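Undergrad: what follows is a predicted protein model with its sequence.
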Amino acid sequence: MNTERTALARRVGVHKALSDPARLRIVDTLSFSDAAPAELRSMLAMSSNLLAHHLRILEGKGLLTRHRSEADRRRTYLRLVPDSLEGVLLPGLVGAVSRIVFVCTANSARSQLAAALWRRSSSVPVTSAGTHPAPAIDPRAVAVAHRRNVPLRVTRPRPLGDVLDEHDFVITVCDNAHEQLTTTNHHTDTAAGLLSARCLHWSVPDPVRVGSDAAFDATFAELTRRICDLAPRVTAS
């Protein structure tokens, strides 16, 4: 009985937190994409103090978590805690998409694995690219895909400028790539193209930096979870 009361009290608390339209908009936004507080302020046209107030309430209910950017350590990203909204309705379809483009820095691991997982989960076309492509795919990315029985097309990493089309739906899976493409001081022609496209960000740690099988397995699991959540909410245009 005490367990049931505790679970009920938590559900009531979550519903109360989400009854505020601003907080519901924050959760809706983070259900698709990780975001830095400054990015949320811009997307939601909300003052710093008001956003901080709403974030404190959502974090207090266990709905959000923060972690440091791997690129700019002064920056933090907000993330929706997995399964924290189980039983609570999330926003519906993203909409019609002509193609998904997964982007990381080197296009040698995360973006390649994400594209492979997407092909397994959705009929929407997909490709991947890098802001600073490596010479080849990391063999440990090939190995983890093989361990999990996911076909990985071993293609040479490609620069984003050679891949991006104005109608693409872009998902950055790397803090470095996201910050290179969205920070004013780093604007390039490629970044301008990305900024004009629809874009999400998933703050996925770089397994290449760690170099262990466990790191690649964790990256694979994180990408799998996110793609399984997003794929049913995307339709082909």
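TA: In hand now; what should we look at? Not measured: the values here are computed from a predicted model. Numbers count the residues shown, from 1 in each chain.
Undergrad: can you map out the strands along the chain?
TA: 64-68, 76-80, 95-97, 100-104, 126-130, 169-172, 198-201, 234-236 (DSSP state E).
Undergrad: what are the buried residues along the third one?
TA: By neighbour count, with 16 or more other C-beta atoms under 10 Å as the criterion, the buried positions of strand 95-97 are Val97. To be clear about C-beta, it is placed using only N, CA and C from the backbone, and glycine gets the same treatment.
Undergrad: tell me which other helices or strands it touches.
TA: strand 234-236 (3 or more C-beta pairs under 8 Å, 6 or more residues apart in numbering; DSSP states H and E).
Undergrad: elements contacting the strand it packs on?
TA: Right, strand 234-236 is packed against strand 95-97 by 3+ C-beta pairs under 8 Å, 6+ apart.
Undergrad: can you list the neighbours in contact with the strand it packs on?
TA: With C-beta atoms under 8 Å, 6 or more residues apart in numbering as the test, strand 95-97 has contacts from 124, 169, 198, 234-237.
Undergrad: mind doing that once more with 10 Å?
TA: 122, 124-126, 167-169, 198, 233-237 (C-beta atoms under 10 Å, 6 or more residues apart in numbering).
Undergrad: and these, which two are furthest apart?
TA: Maximum pairwise distance among those (C-beta to C-beta): 18.3 Å, between His167 and Arg233.
Undergrad: compare those two (neighbour count), which wins?
TA: The neighbour count for His167 versus Arg233, taken as other C-beta atoms under 10 Å, is higher for Arg233 (15 against 11).
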